[in-house]
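Chemist: Output the structure for:
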Amino acid sequence: MHSSMCLALKKLVDRVMKIFPEIEAARPGSSTAIQPLNEALEKAKLLLQYCSESSKLYMAVTGDDILTRGSRSKKLLEQSLADIRTMVPTALAIQILEVLQDLKSTELSLESSEEEAGKDIRELMRQSTSSSVSSDEIRDFHFAALKLQLSTPEAVAVERRSLKSLYGKLGECEGNKRQILKYLLCLLKKHEKIIWRDHKDNSLTLHQSSNDSVCAGVADAGCSEEYNATLPEHFKCPLSLTVMYDPVIISSGHTFERMSIQKWFECNDSCPVSKRILDDFTLQSNVAMKDQISKWCSKKGLDVQDPAMKHVNASHNLDFSIPSFSSPLYNISDLSCFRSSDISSSFSTESETEIRDSTHSEWEIEPLCELSKLPWNAQVKVVQDVRSLFEQDSKAARSMSPSKFIEPLVTFLKNAHERNGTDVVKDGLELLLTFLSGNRRAIDSLGEEVFEMLCVFLGSELVAEETLNVLEVLSNHPHSLSKITSTGSLSCLLKIAESGAENLQEQAMITLKKLCSSNEICLEMVSLGFVQKLTSFLQQNVFSKHSIIMLKNLCNTEKGRVCVTETPGCLASISDLLDSNVSEEVENAISILLQLCVEKIEYCYLVVREGLNIYSSLLLISNNGTEEAKVGASELLRALEEVEEVEEEEESSTPQEEATTSQKWCRRDKRLDWKLLATLSKNMRAMESLEVCSTLAHWETVLRVVCSALDREMNKKVPGRYVVSSWEQL
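Modeler: Just a heads-up that it's a prediction; the model follows:
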């Protein structure tokens, strides 16, 4: 229950547990420092255990409370990790920072079906005015049970045990909770017979020609052995609970009826069984399963009904499958106030409306299937008409077959490009954009020729904007990233960002930024010289926000980190962003420098050498930056200090030669500068609070005095070393 929330919370707990042994080994602060983290983990684990074992019905009713507990557990993990982060070594602090970022970016939520079920049951409890259960309550409860997957005898039995177990744990003082559980047990008990009856009746759905023959067939089924034969569970579709006519396998590995799963994917992006979010929505025929079902039906002398035929004849047939509106209540003898004829009439009316809408939709879209056979002017008119249809009905794309839509449209676009029909190509690309935006499954079916065509269109300034719009949508889909880059679009996008029209440059950078979320693409970008180009953007102060994010992603690869440190001016440009007024740029710049300094001591030397004012900038950020920037700046300063300590130890163990001494003081120049600035910063804040100095002249006097004293001290240690005074350097 609450699977989406629990999966998200469990993922966070697993992330914390992965680094927990290192945190324990680091012994941050004292034993009391790690105790809050232990308590937060324990509370999160208890909540996960409760959700896995407790009653689905009760958790649906108390869904808001469960969500609040989950959010509170997440917040406790954030707070405890944030406190510990300042007490551990830099390398471990970076790992904790990554976990903290995941915690902050994760939003816990309930699934819509669970929220609706909980709302329905709470409404039933509010409306219940007597100790007896009415027929309306049973009907509403049935629909709520379906939303919670309580549609089989096994699920009902487990739910009943969970409710009784929960009831037994409550004390006498918890009367309100006990009353809720009593009510739910009463509903479940009244409803259990219906679920058993539905489960038996739904063993097989046969195609009948009329309503009378269906009723007769059901009557005969009660006394016929062949109808009482048990249908194997794996022959049933988990969604429709009827025998599968055209079984297909989805990416999660589960098998469903093709029509049922297609309808499910129109409004959902998860597996109905595992609840796992899917990226791949392709359907693969389960030939082996279909053969088994066919043999079983032949042996029993039965025939499986085509769901498509059932849909067409819906106005003439009653559906006895469990999702049917009328089936669970049709067999209840004591529901005198609930007439099955009313349901049948309502069901028929809705079905006829669906058929009319479907026919109208097919009449509008079917010409696209044979688009290439029409005269050119007629093809253009059809594309414009379909575009108008999408503008009127944004959901129209969901019901269309991707293959029957994409292939003729791509052929049309290629022909339009050859005819130099710019406006026609624009219309076609806008239609493609609308279709892909409204039909996510279509993106999976796009072949290489589509991406090759888009790459060609990128080279044309006249249609580049429309092409970029399409690529931006595709770049949001993980499976499209490699296809985009394999056609050479990276170079085209970079060219547009460098020298394209002003209104297209930033859009190209946004698309490139999305593409570099993949490490494989990052490696290709490094090979194409992206680091040099991004460095140029930073030096010109254009697209800095996008460029620094891309450099940060490129640094996630070893090849990218090496290239960043070896590219002239790159580290200096990144360091310059420490003085930026845009907090996001500052945070990303610190993240890159910190990642480099933690990995290799050589990178620390490069960072200090390239970043002329890095110490003063970091000191300023650690005092006045955003919360994240302050933490990062402090970590980076600490990393540089650790490098200095290692360097000093090495110097103390090395023979004191003249050349070595000279090099040693050269390396210490920047270290002295930043320590001087740190001292001055503290003194200035103290003097400012005491109102000792109130003018710029006073500050200058103080600085000159301190610099003069520093020069005297340095010349005592290395006579003649400091030709230029500290004041002139400052």
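
Chemist: Any idea which helix or strand in the chain has the lowest mean pLDDT?
Modeler: For the chain, the helix or strand with the lowest mean confidence is helix 327-330, at a mean of 30 (criterion: mean pLDDT, DSSP states H and E).

Chemist: Surely residue 537 and residue 543 touch.
Modeler: Yes: at 4.9 Å, residue 537 counts as touching residue 543 under the criterion of Cβ atoms under 8 Å. (C-beta placed from N, C-alpha, C; glycine too.)

Chemist: Residue 478 - how many residues pack around it?
Modeler: 12 (other Cβ atoms under 10 Å).

Chemist: could you say which helix or strand contains the closest residue to it other than its chain neighbours?
Modeler: Distance criterion Cβ to Cβ, 6 or more residues apart in numbering; nearest residue to residue 478, sequence neighbours excluded, is residue 279 at 5.5 Å. According to DSSP states H and E, residue 279 maps onto no helix or strand at all.

Chemist: Now residue 279. Its backbone dihedrals?
Modeler: phi -100, psi -20 (degrees, to the nearest 10).

Chemist: tell me the contacts of it?
Modeler: Going by Cβ atoms under 8 Å, 6 or more residues apart in numbering, residue 279 touches 251, 477, 478, 479.

Chemist: Now do the SS call for the last one.
Modeler: The three-state label given to residue 479 by DSSP: H, G, I helix; E, B strand; the rest coil is helix.

Chemist: That one contacts residue 441, correct?
Modeler: No: Residue 479 lies out of contact with residue 441 (Cβ under 8 Å); the separation is 11.3 Å.

Chemist: Which one's more surrounded, those two?
Modeler: Legend: neighbour count by other Cβ under 10 Å for residue 479 and residue 441, higher for residue 441 (18 against 14).

Chemist: Please report how far the more buried one lies from residue 409.
Modeler: Residue 441 sits 16 Å away from residue 409, going by Cβ to Cβ, to the nearest Å.

Chemist: list the buried ones in stretch 606-620?
Modeler: By neighbour count on 16 or more other Cβ atoms under 10 Å, the buried set for stretch 606-620 is 606-608, 610-611, 613-620.

Chemist: Flag the shaky bits of the stretch 301-450 of the chain, pLDDT-wise.
Modeler: 305-367, 394-395, 398-399 (pLDDT under 70).

Chemist: ok, which stretches of it are helices?
Modeler: Secondary structure of the stretch 301-450 of the chain by DSSP state H, counting those that start in this stretch: the helices cover 307-312, 327-330, 340-365, 376-392, 402-418, 422-438, 440-444, 448-458.

Chemist: Show the pLDDT at the residue nearest to residue 478.
Modeler: Model confidence at residue 279, given as pLDDT, is 73.

Chemist: ok, now residue 535?
Modeler: 94.

Chemist: Surely it is in a helix?
Modeler: Yes: assigned with three-state DSSP, residue 535 falls within a helix.

Chemist: next one: phi and psi at the closest residue to it other than its chain neighbours?
Modeler: Once flanking residues are discounted, residue 535 sits nearest to residue 570: 4.4 Å by Cβ to Cβ, 6+ apart. Phi and psi for residue 570, reported as degrees, to the nearest 10, are phi -70, psi -50.

Chemist: can you pull the contacts of residue 570?
Modeler: Contact analysis of residue 570 by Cβ under 8 Å, 6+ apart lists 531, 532, 534, 535, 538, 551, 564.

Chemist: Report the buried members of the residues you listed.
Modeler: Neighbour-count burial (16+ other Cβ under 10 Å) applied to the contacts of residue 570 gives 531, 534, 535, 538, 551, 564.

Chemist: Which element, helix or strand, includes the fifth one?
Modeler: Following DSSP H and E, one finds residue 551 within helix 544-554.

Chemist: and what of the last one?
Modeler: Here residue 564 sits within helix 558-566, counting by DSSP H and E.

Chemist: by contact count, what packs against that helix?
Modeler: In terms of contacts (3 or more Cβ pairs under 8 Å, 6 or more residues apart in numbering; DSSP states H and E), helix 558-566 is packed against helix 519-527, helix 530-540, helix 544-554, helix 570-576, helix 583-599, helix 601-610.

Chemist: Put together TSV for these, with distance to residue 379 on each row.
Modeler: Below are those laid out as TSV (distance: least, Cβ to Cβ, whole Å):
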stretch	distance to residue 379
helix 519-527	36
helix 530-540	40
helix 544-554	39
helix 570-576	50
helix 583-599	47
helix 601-610	58
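
Chemist: Of all those, which one is nearest residue 185?
Modeler: helix 519-527 (53.0 Å; Cβ to Cβ).

Chemist: name the helices or strands packed onto the closest one?
Modeler: Helix 519-527 sits against helix 481-486, helix 489-499, helix 502-515, helix 544-554, helix 558-566, with contacts defined as 3+ Cβ pairs under 8 Å, 6+ apart.

Chemist: Buried ones in that helix, by neighbour count?
Modeler: 521, 522, 524, 525, 526.

Chemist: Quick one: residues in contact with it.
Modeler: Outside helix 519-527, the residues touching it (Cβ under 8 Å, 6+ apart) are 481-482, 485, 490, 512, 515-516, 550, 553-554, 556-557, 559-560, 563.

Chemist: Between helix 530-540 and it, find me the angle.
Modeler: Interaxial angle, helix 519-527 versus helix 530-540 (axes from the mean of the first three to the mean of the last three Cα atoms, to 10 degrees): 70 degrees.

Chemist: Count the neighbours of residue 35 for me.
Modeler: 11.

Chemist: cool, residue 454 as well?
Modeler: By the criterion of other Cβ under 10 Å, residue 454 has 26 neighbours.

Chemist: Give me the nearest residue to it, chain neighbours excluded.
Modeler: In this structure, residue 454 finds its nearest non-sequential neighbour in residue 467, 5.5 Å apart by Cβ to Cβ, 6+ apart.
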